[in-house]
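*Asks:* Just need the structure, nothing else, for what follows:
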Amino acid sequence: MAEEEGPPKRAYSESGLNARKLGEPVQPRPPKQLACPECGSQKIWCDGFRYPRGLEAPIQRFLCRDCGCRFSESTHQLRRQSLNHDDDIPNIRRVCVTEAEGTINLATSEPQTEKTKQSAEVITHGNIAEDLANYASWLLSKGLDHYTISERVKQLKRLKVRNANLYEPSSVWTTISQYMKPNSQPLSIGSKKLLKQAYVSFASFLNLPLPPRDIPTFKERTRRKPAPLETDLDIIIARAGHKLRPFLVALKELGCRKGEAGRLKWKDINLEQKTIFIRDTEKQGVQRTELVSTRLVEMLKRLPSLSQNDPEAYVFGETATRRMGKLFWCCRRKLVRDLSNPRLLKITLHDFRRWNGTRVALETRDPYAVMKALGHRSITSTESYVDIEQLEPLQTICKAATTLEEQVKLIEQGFSFVKETKVGETTYSLFQKKVAKRPD
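*Replies:* You can find the predicted model right below:
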């Protein structure tokens, strides 16, 4: 019995809805789990490919027909696309295909969910030891100093010890705000700023989101530490060893930081002209040349002669900053015990620079002269050393002398000779002296 012939079957390529391009292979229809993350519609078009760097295979992009949401499998950032006009849709997008072909090459949403969970776990629970090592290498490639890198890593380890999750900014900000010293005293504002600076840099390395409004601000009052007495500095210099003594004298006369003095090289010192050029500055300071005394020159000549033959050799050694700090701490502690002078315990290596800035301020009464002597680029940095408002212009006192005894007496009082003038038959010698104005 012959089979009944039914109505002729319609060819797949002849269908108005299921037509496809000639020569294109037939692909299986994907599952219908993939939907628009914005409206949930399954009417999705293929929207070209994305070619990210570092990946060999391109990433398929999709476009929702209902709401115009654009998305892909490897990103969670959604961007709306207007479909009101043909010019809004590039030609490479397959928006002219039929409904059946629009569902070709679609992937399921389950791998996307698993990938999202894995990326979240990596960000929240990373290998902190490995990340800190990579962070130190990243800072080194940025050109930062080894001491700065070690200090930032140390600050991050301090946060980790106090159970702060370095992959969650909110946990870090809470730990910094509630940070307490071992003696149950709150941490200073300056120390909190250092912790904040270290973590902001670490978050930038990990590409963690840090909205500006969520970053705390730590404000402190401008506290100006008084300069130490010169007699106390001279006592420490006199009792220091033969290695530490020239280093302290250099700090006192140059007014530089301990790191700048520790990185001095023999090519920066001119023993004949008694000048020292501060080449390697800290905190983006200004390079400058300072005159030094004969005393410091003689101390430098007595240093090991082997290093003087090499212009690139360091004057006080390669590890002078850390080594001199330990020697100074031991010398200061011994002096406090022997002399029973607790005031010496408050003196630090940076106080030598503070004393130098105060000396220049009292001699010149010019804040810009202090800024130049300390190597600052901004006058606001100089305000932490001296009170600019109190640096009023000096008052000039003029006196005249007619006899030799009067002239000798004025010179002993600090007056300087200006000129001679004749009034009638009497000749007067004029002297002047600049002093600070007395308050009314």
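*Asks:* and V418, what element?
*Replies:* Under DSSP states H and E, the secondary-structure element containing V418 is strand 416-423.
*Asks:* whoops, W355 was the one
*Replies:* Counting by DSSP H and E, the secondary-structure element that holds W355 is helix 350-364.
*Asks:* which parts of that helix are buried?
*Replies:* By 16 or more other CB atoms under 10 Å, the buried positions in helix 350-364 come out as 351-361, 364. In short, each C-beta sits where N, CA and C put it, glycine included.
*Asks:* any low-confidence regions in the chain?
*Replies:* Within the chain, the ranges that satisfy pLDDT under 70 run 1-33, 53-56, 73-126, 220-223, 305-308, 387-394, 436-440.
*Asks:* what comes into contact with the longest helix belonging to the chain?
*Replies:* Looking across the chain with DSSP state H, the single longest helix is helix 320-339. When contacts are defined by CB atoms under 8 Å, 6 or more residues apart in numbering, helix 320-339 is touched by residues 147, 235-236, 239-241, 243-244, 247-248, 258-259, 261-263, 314, 316-317, 341-342, 344-345, 347, 349.
*Asks:* Now that helix: buried residues?
*Replies:* 320-321, 323-324, 327-328, 331-332, 335-336.
*Asks:* and P209, what is it in contact with?
*Replies:* By CB under 8 Å, 6+ apart, the contact list for P209 reads P169.
*Asks:* swap that for F316, please
*Replies:* If a contact means CB under 8 Å, 6+ apart, then F316 has 243, 246-247, 261-262, 264, 324 as its contacts.
*Asks:* would you put the C-alpha positions of stretch 266-280 in CSV?
*Replies:* Coordinates of the C-alpha atoms in stretch 266-280 are reproduced here as CSV (Å, rounded to 0.1, in the frame of the first residue of the first chain):
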residue,chain,number,x,y,z
TRP,A,266,82.1,61.5,47.9
LYS,A,267,81.4,63.1,44.5
ASP,A,268,79.0,65.5,46.3
ILE,A,269,81.7,66.8,48.7
ASN,A,270,84.2,69.4,47.8
LEU,A,271,86.8,69.5,50.7
GLU,A,272,88.7,72.4,49.2
GLN,A,273,85.8,74.8,48.9
LYS,A,274,84.1,73.3,52.0
THR,A,275,80.7,72.7,50.3
ILE,A,276,78.4,69.7,50.2
PHE,A,277,75.8,69.2,47.4
ILE,A,278,72.6,67.4,48.5
ARG,A,279,71.8,65.5,45.4
ASP,A,280,69.5,62.6,46.5
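*Asks:* which residues in the chain form strands?
*Replies:* If DSSP state E is used as the criterion, the strands of the chain fall at 44-50, 59-64, 69-72, 75-80, 269-270, 275-278, 288-291, 395-401, 416-423, 426-435.
*Asks:* and the angle from the longest helix of the chain to helix 350-364?
*Replies:* Helix 320-339 and helix 350-364 are oriented at 90 degrees to each other (axes from the mean of the first three to the mean of the last three CA atoms, to 10 degrees).
*Asks:* Can you tell me which helices and strands the helix holding W355 packs against?
*Replies:* Secondary structure elements in contact with helix 350-364, counted by 3 or more CB pairs under 8 Å, 6 or more residues apart in numbering; DSSP states H and E, are helix 230-239, helix 244-254, helix 367-374.
*Asks:* Among the ones you listed, show me which one is buried the most.
*Replies:* Using mean count of other CB atoms under 10 Å, the stretch among the helices and strands packed on helix 350-364 with the greatest mean number of neighbours is helix 244-254 (a mean of 23).
*Asks:* name the helices or strands packed onto that one?
*Replies:* Based on contacts counted as 3+ CB pairs under 8 Å, 6+ apart, the elements that helix 244-254 packs against are helix 230-239, helix 258-262, strand 275-278, helix 294-301, helix 320-339, helix 350-364.
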